[in-house]
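Trainee: sequence and computational prediction follow.
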Amino acid sequence: MLLRAPLTQDHIDYLRKRGFLHPDESVRSSGKAGEGNMNVTLAVATDKRTIILKQSRPFVAKYPQVPAPPERTGIEYQYYQCLASQTDLAGYSPRIIAFDPDSWLLAMEFVEQGADYLKIYQQPDQFTEALAEDLLNYLKALHQLEVKAFPENQAMRALNHQHIFVLPFQEENGFDLDGIQPGLQPLSRMIKTDPALIAKVMQLGERYLSPGRQLIHGDFYPGSWLSSPGGLKIIDTEFAFLGDPEFDLAVMLAHLHLARVPENRLKSLLESYPLDEALLAAFTGIEILRRLFGLAQLPLDLSLEEKEIYAHHAIQLILHDAF
């Protein structure tokens with residue numbers, strides 16, 4: 001059963017049959033929920049409540065030409081299940097209502113007045129002391145969690161590996177970067193013609209694909225953080241796996257760099273959560289480069305000259321392993 005908005009009566013009957021809707025619950029409206037990349041995500045308002053339905057397809061919803069493993073909503077469900085009994089973590093997750101593995105369909109509570117932090121790239125003052133503390137508390141608790149078994153999530157990691165460690169560094173990758181910003185395509189050659197850089201990136205890509213030691217979120221960037229009256233919520237966990245905690249913190253740091261959060265704020269984060277500094281620096285640099293020159297672009301308000309400065313800084317992080 002493939003869902004799309006508006007829901008049909010067949011969709012509604014299916015949802016009732018699978019326990020997503022109560023027998024006496026009537027659907028009043030349904031529509032797209034947010035600007036997600038990976039999945040079809042709908043907000044469904046009933047006469048009793050509003051729920052979020054998230055369904056994966058065998059491709060990326062925003063880029064149908066990119067194949068993606070459909071079991072990713074199952075990974076997200078298992079991630080939330082791991083956190084559900086943990087006092088320090090459960091409150092950061094939306095409440096899960098139901099999961100249907102036959103249709104890879106996940107239902108969760110609608111976070112009232114929830115808003116992601118994608119505006120942080122234009123409004124870096126959104127990164128407050130309170131938000132920084134919340135994010136670090138979440139990562140520390142997550143990375144200390146004892147998880148005996150979790151899916152390898154190898155198919156999603158392979159997809160992410162291609163878009164982080166491989167495609168942005170290939171001369172002929174099919175990306176029309178000049179369509180995003182004139183001059184970005186020739187600028188990208190600076191990371192495609194450096195053998196030392198490419199060798200180091202390949203090495204880090206192998207590290208990313210190797211078995212790790214802690215459960216990590218896998219895509220810990222501002223689009224996965226929701227502000228709400230009930231506090232911070234962390235969503236979109238389909239890239240989760242047992243890996244290096246440095247990867248989560250590096251993704252966070254990379255996006256704060258691109259949002260122009262002051263360096264002294266970033267250094268305070270590093271001091272409060274000490275990890276392998278060399279690995280952290282390298283992963284940070286790679287995330288910056290893939291967001292500048294890869295397929296998954298951000299709403300950045302940066303000139304070409306500023307992007308060049310960021311790219312040089314990212315290369316230094318990768319090759320010299322230091323902030």
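Mentor: Sure thing, it's come through.
Trainee: per-residue confidence at the residue positioned nearest the centre of the chain?
Mentor: Closest to where the C-alpha atoms of the chain average out (CA atoms, centre = their mean) is Asp219, at 2.9 Å. Asp219 carries a pLDDT value of 97.
Trainee: now the helices for the stretch 51-200 of the chain?
Mentor: Counting by DSSP state H, counting those that start in this stretch, residue ranges of the helices within the stretch 51-200 of the chain are 72-84, 87-90, 129-143, 154-161, 177-180, 184-187, 195-209.
Trainee: where in the chain is pLDDT low?
Mentor: Filtered on pLDDT under 70, the chain yields the residue ranges 35-36.
Trainee: tell me how it divides into domains.
Mentor: Structural domains assigned to the chain are 9-109, 115-320, following automatic domain parsing.
Trainee: show me the contacts for Phe99.
Mentor: Shown in contact with Phe99 (CB atoms under 8 Å, 6 or more residues apart in numbering): 73-74, 77, 105-107. Glycine gets a C-beta too; all of them are placed from N, C-alpha and C.
Trainee: could you redo the last one with a cut-off of 10 Å?
Mentor: 18-20, 54, 73-74, 76-78, 80-81, 105-108 (CB atoms under 10 Å, 6 or more residues apart in numbering).
Trainee: weed out the non-buried ones from the residues you listed.
Mentor: The neighbour-count test (16 or more other CB atoms under 10 Å) marks 18, 20, 54, 73-74, 76-78, 80, 105-108 as buried among the contacts of Phe99.
Trainee: distance of the closest residue to Pro69 other than its chain neighbours from Gln65?
Mentor: Distance criterion CB to CB, 6 or more residues apart in numbering; nearest residue to Pro69, sequence neighbours excluded, is Ala155 at 3.7 Å. In this view, Ala155 and Gln65 are 17 Å apart by CB to CB, to the nearest Å.
Trainee: more neighbours: these two, which one.
Mentor: Higher neighbour count among Ala155 and Gln65: Ala155, with 16 against 7, using other CB atoms under 10 Å.
Trainee: thought that one was touching Gln162?
Mentor: No: between Ala155 and Gln162 there is no contact under CB atoms under 10 Å: 11.3 Å.
Trainee: next one: Leu249 from Pro211, what distance?
Mentor: Counting by CB to CB, the gap from Leu249 to Pro211 is 19 Å.
Trainee: neighbour count winner among those two?
Mentor: Set Leu249 next to Pro211 and count neighbours by other CB under 10 Å: Leu249 wins out with 25 against 8.
Trainee: could you dump the strand or helix carrying that one to CSV, C-alpha only?
Mentor: Assigned by DSSP states H and E, Leu249 belongs to helix 245-258. The C-alpha trace of helix 245-258 is given here as CSV (Å, rounded to 0.1, in the frame of the first residue of the first chain):
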residue,chain,number,x,y,z
PRO,A,245,30.6,8.7,17.7
GLU,A,246,33.0,11.2,16.1
PHE,A,247,30.8,11.0,13.0
ASP,A,248,27.7,12.4,14.7
LEU,A,249,29.6,15.3,16.3
ALA,A,250,31.5,16.0,13.1
VAL,A,251,28.3,16.4,11.1
MET,A,252,27.0,18.7,13.7
LEU,A,253,30.2,20.8,13.7
ALA,A,254,30.3,21.0,9.9
HIS,A,255,26.8,22.5,9.7
LEU,A,256,27.6,24.9,12.5
HIS,A,257,30.7,26.0,10.5
LEU,A,258,28.5,26.5,7.4
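Trainee: following it, which helix or strand comes up?
Mentor: helix 263-272.
Trainee: buried sites along that next one?
Mentor: Quick answer for helix 263-272 (16+ other CB under 10 Å): 266, 269.
Trainee: what is it packed up against?
Mentor: Applying 3 or more CB pairs under 10 Å, 6 or more residues apart in numbering; DSSP states H and E, one finds that helix 263-272 contacts helix 129-143, helix 245-258, helix 277-293.
Trainee: on contacts alone, who are the packing partners of the first one?
Mentor: Right, helix 129-143. helix 72-84, helix 87-90, strand 214-216, strand 225-227, strand 233-234, helix 245-258, helix 263-272.
Trainee: next: the longest one.
Mentor: With contacts defined as 3+ CB pairs under 10 Å, 6+ apart, helix 277-293 has these neighbours: helix 177-180, helix 184-187, helix 195-209, helix 245-258, helix 263-272, helix 304-320.
Trainee: again, but for the shortest one
Mentor: Applying 3+ CB pairs under 10 Å, 6+ apart, one finds that helix 245-258 contacts helix 129-143, helix 195-209, strand 214-216, helix 263-272, helix 277-293, helix 304-320.
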